[in-house]
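> based on what follows, work out the 3D shape:
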Amino acid sequence: MHWVRGAKRAASVLYVEGENEDKMLVRPTGLAGAFVKVAARDPEGDEARQAGRYTIKQFGLNKTLQRTLTDWKAIRDKGALKVAYLGVRKVREVGDRPCYTLRRTAVEPEKDGLSEVTVYIDKETWLQVGTVLKGAENKLLGEYLFRDIHFDAKFKPNQFEASALSQ
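Residues are numbered from 1 along each chain as shown. Alright, predicted model coming up:
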């Protein structure tokens, strides 16, 4: 991952399961980045958990869809699933792609303060390309939007090596 904007602790992060002693490699931002080019960190450690709602091991299109299905099934089994189909909408944040739009609202706020989830499913690819999480009083808790997805991506030979972080 490489942050185009909004980078806080890391400018780039590389994680390949089973590689680098199962650590994520981080290129720090700011003053730390001037002294340390690449640092190894636990992808599930406290530092990683403080950096965002999900860790790098919980991130990605497949994991996002799995999480949505698991959460919605659990809520359905409690008899509290409330979902509205909002139709097909062009979503600017995912490249103006037409998406099936679903909004799940909580009967009562959930343990993490979540009260509303809007999901965008790309009409052509059927991938979940967007999720917007909101809490009480419409407060934004998280926004995960995927655009410019390439299924035939070409990678540099070192793309998944530490040297790629310094480029």
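
> export the lowest-mean-pLDDT helix or strand in the chain to PDB, keeping only CA atoms.
Counting by mean pLDDT, DSSP states H and E, the chain has its least confident helix or strand at helix 30-35, which shows a mean of 71. The C-alpha coordinates for helix 30-35 follow below in PDB (Å, rounded to 0.1, in the frame of the first residue of the first chain):
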ATOM      1  CA  GLY A  30       8.200  12.400   8.800                       C
ATOM      2  CA  LEU A  31      11.400  12.600  10.900                       C
ATOM      3  CA  ALA A  32      11.400   8.900  11.500                       C
ATOM      4  CA  GLY A  33      11.500   8.300   7.800                       C
ATOM      5  CA  ALA A  34      14.600  10.400   7.500                       C
ATOM      6  CA  PHE A  35      16.500   8.000   9.800                       C
END
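
> who does residue 105 bridge with?
residue 116 (DSSP bridges).

> was I right to think it contacts residue 116?
Yes: at 5.2 Å, residue 105 counts as touching residue 116 under the criterion of C-beta atoms under 8 Å. (Glycine included, C-beta is placed from N, CA and C.)

> tell me how far residue 32 lies from residue 9.
8 Å (C-beta to C-beta, to the nearest Å).

> of the two, give the one with the bigger neighbour count.
For residue 32 versus residue 9, neighbours defined as other C-beta atoms under 10 Å are more numerous around residue 9 (17 against 13).

> residues touching the more buried one, list them.
26, 28-29, 47, 51 (C-beta atoms under 8 Å, 6 or more residues apart in numbering).

> so between residue 105 and residue 116, which is more surrounded?
It is residue 116, of residue 105 and residue 116, that has more neighbours when counted by other C-beta under 10 Å, with 18 against 15.

> list the buried residues for the helix ranked longest in the chain?
Across the chain, the longest stretch assigned as helix under DSSP state H is helix 61-77. Across helix 61-77, burial judged by 16 or more other C-beta atoms under 10 Å covers 64-65, 68, 72, 75.

> packing partners for the following helix or strand past it?
Note on helix 61-77: by DSSP states H and E, the next helix or strand toward the C-terminus is strand 83-91. Using 3 or more C-beta pairs under 8 Å, 6 or more residues apart in numbering; DSSP states H and E, the elements in contact with strand 83-91 are strand 97-105, strand 116-122.

> mind listing what's buried in strand 83-91?
Buried, per 16+ other C-beta under 10 Å, within strand 83-91: residue 91.

> that one pairs with which strands?
strand 97-105 (antiparallel).

> gap between the strand it pairs with and the chain center?
Counting by C-alpha atoms, centre = their mean, to the nearest Å, strand 97-105 is centred 17 Å from the centre of its parent chain.
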